[in-house]
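Colleague: got a predicted structure here, sequence first:
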Amino acid sequence: MSNIDWTQTEALLEKNIRFIENSKKIVVDTSKLRQLNEEGYRVLACEDGKSYTIEKKTSQGFVRMHSAYEPYREGQLLAEKLAESAGEGEVFIRFGLGFGYLFNYLLPRVEKLKGEVVIYEPSYDVFNYFIRLFDISTLFDGYEIRLFVHENADEIRKILPYITKKTAVKTYANYTLGYFLFYGEEIKKCTKSIKEFASEEQVDRVTQAYFKNMWASNNVLNFPYILSGYGCEGLFGVLSGKPAIVVSAGPSLNKNVHLLKEVQGKVFIMAAYTAIKTLEAHGIKPDMYMTVDPGQVPYEVGEEYGYQNIHLLFYASAGRAIINQHKENNFVIAYPPKMMADEVFHNVAAHIGKPMKYEFVSGGGSVSHAIAEFLYRMGAGVIVMLGQDLAFTDGQHHAKEYSEGREDFTDGSAYSDRTRIMVEDIYGGQVETMDAFKAYVEQFEIFAKYYESELKVVDATEGGAKINNTEILTFREAIDRYMLEYTDPDFTKNIIYQAKAQGTMFDESDRGKVQYVFEQMLWQCKKIPPIVDEALDVVEKINKMYSFKKPPTPSELEKSLEELKRYARRTNSYKLVSDAIFATWFAEVDYEMKIRKAEEPEEQFYTRVTSYALAMQKQACEILIPALEEAIAKLKEEGE
């Protein structure tokens with residue numbers, strides 16, 4: 001038993017619980033926060049007279065989990081040591097909150113490094129003592145931190161997607177005293193989950209490498225359409241708590257798609273473009289389609305469907321063939337500045353004096369996640385999901401009309417290279433899915449949990465994987481429960497009309513400005529490849545120096561390295577291109593490229609990384625040149 005009167009700490013306990021319940025950065029089961037285990041632990045005063053240590057009861061007696069001397073001082077020294085070895089923008093993942101002594105000193109140091117901290121505390125018992133002794137709000141207030149308390153270490157994956165992509169991730173565990181003794185297995189499981197997450201991040205980097213040039217060229221090619229498109233800000237908040245529907249192209253969509261006719265016009269319906277064939281087959285016209293995929297091509301849709309009269313919400317980096325079909329009914333949305341996909345768009349807009357001020361982040365990786373996030377921004381009080389199977393329901397991976405004529409449709413062989421797994425379905429049974437779909441499920445679970453105080457997420461898919469934190473209903477039940485009271489058949493038409501009344505993102509005078517920027521960018525893009533070729537000749541000369549058994553001397557390297565640096569400075573001096581493209585994309589090397597090998601000399605490391613970046617710059621310019629030429633011709637034609 002401890003020698004502390006815990007009845008005197010009730011007020012602080014309740015204050016901390018209220019803080020936790022209102023925080024979106026702390027994942028804790030609050031139902032477990034009043035269960036003090038005084039039989040299994042004891043809390044004692046430390047020798048410094050101002051802090052506490054905690055001990056856990058074992059068959060051999062109590063084992064100390066924290067320092068009993070000067071834990072604040074020891075935490076300060078450890079924080080200084082960790083911060084000294086850290087780089088800017090790193091994510092610190094710490095196993096064990098304990099009594100928070102380390103974080104008093106670590107958090108301000110990480111903030112200066114523009115990094116983040118994630119804490120995993122594997123013991124509710126320890127955490128229950130913490131929130132009776134310390135004010136959690138004063139410890140975390142103003143810092144970029146995520147706290148996760150859970151006795152099942154496998155669940156830590158649910159907090160990992162909250163981590164902003166940084167340059168690196170470092171993990172630190174409390175291996176001293178009894179902490180690792182009691183929770184070593186949980187810590188090992190966490191380490192494994194984090195490694196898997198880092199591996200997935202590497203896959204994501206490969207995806208970005210594949211799409212980056214397509215994103216850039218689409219940004220350029222889409223500008224003529226962006227100039228006549230409407231900004232999405234006029235749609236923010238317009239739903240005022242009313243329900244909205246997300247339509248995806250999962251196989252279960254065919255079960256309930258016909259019911260959308262009952263709520264058309266009364267309830268806002270936004271559909272993924274991939275659902276268009278199924279919606280056309282049933283005569284359903286949503287209020288808006290969304291497209292985000294830079295490689296998405298149009299589906300053949302009958303003229304009588306009037307597809308061109310349905311509004312489209314698109315990213316600046318989306319495939320332009322779909323955007324072209326909508327002509328004057330486009331709403332434009334962009335990633336926040338400094339995110340990869342729409343970097344060119346933001347830089348050009350800023351260059352002509354029209355910087356985009358709003359922000360939109362699509363978490364989760366799919367168009368359906370982006371739609372859900374946007375409907376939240378529109379002020380939806382209830383979001384109802386259709387066709388969100390995220391599994392091979394009845395052996396199919398998409399709605400029937402999506403893949404008509406494709407031989408791989410029924411057996412899912414289009415995804416044969418993906419890892420297949422079994423997960424719980426909405427009926428309590430099992431359904432086959434794949435690793436990517438499972439990740440999407442987890443992202444929807446996070447979305448629903450993150451916004452649970454502001455909106456309800458209903459899964460009316462009627463099939464597929466179970467998505468926790470959502471209310472599972474049939475679509476008939478969802479209509480009856482949440483939509484019957486809305487009877488105005490022109491409601492959605494009117495809110496779109498009001499949003500369009502705010503005007504397009506740009507005016508006619510901006511056309512000439514964009515054309516001028518593109519002409520200058522084209523000139524610069526043509527200048528860069530020859531410079532890169534000369535630079536790569538220098539790289540080859542430096543590499544030959546290292547091919548001999550005896551490494552080159554500093555004097556031998558100095559002239560060549562200075563020449564290489566001069567070429568790199570020249571390519572980056574073409575600011576219109578480098579600021580729009582290279583700053584965060586092509587000068588950004590692969591994850592492994594950044595890691596200097598222990599046996600690799602610093603000069604060789606610089607040469608390797610710089611040559612990679614230069615090659616990426618040349619490739620980007622060669623792809624942008626024809627895109628710029630086409631966009632300039634289009635702008636001239638429309639300006640005549």
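Modeller: Okay, I see it.
Colleague: please enumerate the helices of the stretch 151-300 of the chain.
Modeller: For the stretch 151-300 of the chain, applying DSSP state H, counting those that start in this stretch gives helices covering 179-221, 223-226, 253-256, 276-281.
Colleague: can you list phi and psi of Ile472 for me?
Modeller: phi -90, psi 120 (degrees, to the nearest 10).
Colleague: got the contact list for it?
Modeller: Listed by C-beta atoms under 8 Å, 6 or more residues apart in numbering, the contact set of Ile472 reads Ile426, Val458, Asp459, Lys466. In short, each C-beta sits where N, CA and C put it, glycine included.
Colleague: who touches the host helix or strand of the second one?
Modeller: When elements are assigned from DSSP states H and E, Val458 belongs to strand 456-459. Identification of contacts with strand 456-459 by C-beta under 8 Å, 6+ apart yields 372, 381-385, 388, 426, 444, 447-448, 451, 467, 469-473, 478, 482.
Colleague: for it, what is the distance to the chain centroid?
Modeller: Taking C-alpha atoms, centre = their mean, to the nearest Å, the mean C-alpha location of strand 456-459 is offset from the chain mean by 21 Å.
Colleague: same check, this time on stretch 281-296
Modeller: Distance, stretch centre to chain centre, for stretch 281-296: 22 Å (C-alpha atoms, centre = their mean).
Colleague: try stretch 38-48
Modeller: Relative to its parent chain, stretch 38-48 has a centroid offset of 42 Å by C-alpha atoms, centre = their mean.
Colleague: how is this structure partitioned into domains?
Modeller: According to automatic domain parsing, the chain comprises the domains 6-202, 222-388+470-500, 509-639.
Colleague: give me whichever of the ones you listed is most buried.
Modeller: Comparing the domains of the chain by mean neighbour count (mean count of other C-beta atoms under 10 Å), domain 222-388+470-500 ranks first with a mean of 20.
Colleague: need the helix or strand of the chain with the lowest average pLDDT.
Modeller: Ranking every helix and strand in the chain by mean pLDDT, DSSP states H and E puts strand 168-173 at the bottom, with a mean of 50.
Colleague: where in the stretch 501-640 of the chain is pLDDT low?
Modeller: By pLDDT under 70, the low-scoring segments of the stretch 501-640 of the chain are 549-551, 582-600, 640.
Colleague: tell me where it has helices.
Modeller: Secondary structure of the stretch 501-640 of the chain by DSSP H, counting those that start in this stretch: the helices cover 509-547, 554-572, 575-577, 602-639.
Colleague: list the helices and strands the longest one packs on?
Modeller: By that I understand helix 509-547. helix 343-351, helix 554-572, helix 575-577, helix 602-639 (3 or more C-beta pairs under 8 Å, 6 or more residues apart in numbering; DSSP states H and E).
Colleague: same deal with the last one?
Modeller: Here helix 602-639 touches helix 179-221, helix 223-226, helix 509-547, helix 554-572, going by 3+ C-beta pairs under 8 Å, 6+ apart.
Colleague: which of these sits closest to Phe437?
Modeller: Closest of these to Phe437 is helix 179-221, at 13.5 Å (criterion: C-beta to C-beta).
Colleague: and that closest one, average pLDDT?
Modeller: Mean pLDDT, computed over helix 179-221, is 68.
Colleague: could you tell me the end-to-end distance of stretch 427-442?
Modeller: Criterion C-alpha to C-alpha, to the nearest Å; first-to-last residue distance in stretch 427-442 is 18 Å.
Colleague: list the buried residues of it.
Modeller: Val431, Glu432, Thr433, Met434, Phe437, Lys438, Ala439, Tyr440, Val441, Glu442 (16 or more other C-beta atoms under 10 Å).
Colleague: about what we covered before: and the strand holding Val458, which strands flank it?
Modeller: strand 382-386 (parallel), strand 471-472 (parallel) (DSSP bridges).
Colleague: JSON lines for those strands, including mean pLDDT?
Modeller: Below are the strands paired with strand 456-459 laid out as JSON lines (pLDDT from 0 to 100):
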{"stretch": "strand 382-386", "mean pLDDT": "97"}
{"stretch": "strand 471-472", "mean pLDDT": "96"}
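Colleague: switch these over to CSV; also include distance to Glu556.
Modeller: Output for these, formatted as CSV (distance: least, C-beta to C-beta, whole Å):
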stretch, distance to Glu556
strand 382-386, 64
strand 471-472, 70
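Colleague: go through these and name the closest to Lys526.
Modeller: Closest of these to Lys526 is strand 382-386, at 47.7 Å (criterion: C-beta to C-beta).
Colleague: which residues touch the closest one?
Modeller: Applying C-beta under 8 Å, 6+ apart, the contact partners of strand 382-386 are 242-248, 252-253, 256-257, 260, 368, 372, 375-376, 444, 455-461, 467, 470, 475, 478, 482.
Colleague: what about it, distance to the chain center?
Modeller: For strand 382-386, the distance to the chain centre is 21 Å (C-alpha atoms, centre = their mean).
Colleague: about what we covered before: secondary structure and distance to Ala399 added to the buried residues of stretch 427-442, as JSON lines?
Modeller: Output for the buried residues of stretch 427-442, formatted as JSON lines (DSSP: H, G, I helix; E, B strand; the rest coil; distance: C-beta to C-beta, whole Å):
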{"residue": "Val431", "secondary structure": "strand", "distance to Ala399": "16"}
{"residue": "Glu432", "secondary structure": "strand", "distance to Ala399": "17"}
{"residue": "Thr433", "secondary structure": "strand", "distance to Ala399": "16"}
{"residue": "Met434", "secondary structure": "strand", "distance to Ala399": "18"}
{"residue": "Phe437", "secondary structure": "helix", "distance to Ala399": "15"}
{"residue": "Lys438", "secondary structure": "helix", "distance to Ala399": "20"}
{"residue": "Ala439", "secondary structure": "helix", "distance to Ala399": "21"}
{"residue": "Tyr440", "secondary structure": "helix", "distance to Ala399": "16"}
{"residue": "Val441", "secondary structure": "helix", "distance to Ala399": "18"}
{"residue": "Glu442", "secondary structure": "helix", "distance to Ala399": "23"}
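Colleague: tell me the one of these nearest Glu637?
Modeller: With C-beta to C-beta as the yardstick, the closest approach to Glu637 among those comes from Tyr440, at 41.2 Å.
Colleague: can I get the domains of the chain in TSV with distance to Tyr402?
Modeller: As requested, the domains of the chain are exported to TSV (distance: least, C-beta to C-beta, whole Å):
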stretch	distance to Tyr402
domain 6-202	26
domain 222-388+470-500	5
domain 509-639	29
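Colleague: so for Glu401, which of the ones you listed sits nearest?
Modeller: For the domains of the chain, proximity to Glu401 was assessed by C-beta to C-beta; domain 222-388+470-500 is nearest, at 3.7 Å.
Colleague: thinking again about what came up before, how about the helices and strands packed on helix 509-547 in TSV, adding distance to Asp141?
Modeller: Formatted as TSV, the helices and strands packed on helix 509-547 follow (distance: least, C-beta to C-beta, whole Å):
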stretch	distance to Asp141
helix 343-351	32
helix 554-572	40
helix 575-577	39
helix 602-639	39
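Colleague: where does the nearest residue in space to Arg73 that is not next to it in sequence land on pLDDT?
Modeller: Once flanking residues are discounted, Arg73 sits nearest to Asp48: 7.6 Å by C-beta to C-beta, 6 or more residues apart in numbering. Looking at Asp48, its pLDDT is 79.
Colleague: again with Tyr101
Modeller: 86.
Colleague: let me see the contact set for the nearest residue to Ile276 once chain neighbours are set aside.
Modeller: Computed as C-beta to C-beta, 6+ apart, the closest residue to Ile276 that is not its neighbour in sequence is Tyr299, at 5.6 Å. Tyr299 makes contact with Tyr273, Ile276, Lys277 under the criterion C-beta under 8 Å, 6+ apart.
Colleague: show me what contacts the second one?
Modeller: This points to Ile276. Going by C-beta under 8 Å, 6+ apart, Ile276 touches Tyr289, Tyr299, Val301, Tyr307.
Colleague: so how far is stretch 520-537 off the chain centroid?
Modeller: Counting by C-alpha atoms, centre = their mean, stretch 520-537 comes out at 33 Å from the chain centroid.
Colleague: got a list of contacts for that stretch?
Modeller: Identification of contacts with stretch 520-537 by C-beta under 8 Å, 6+ apart yields 564, 567-568, 570-571, 574, 576-577, 580, 610-611, 614-615, 617-618, 621-622, 624-625, 628-629, 632.
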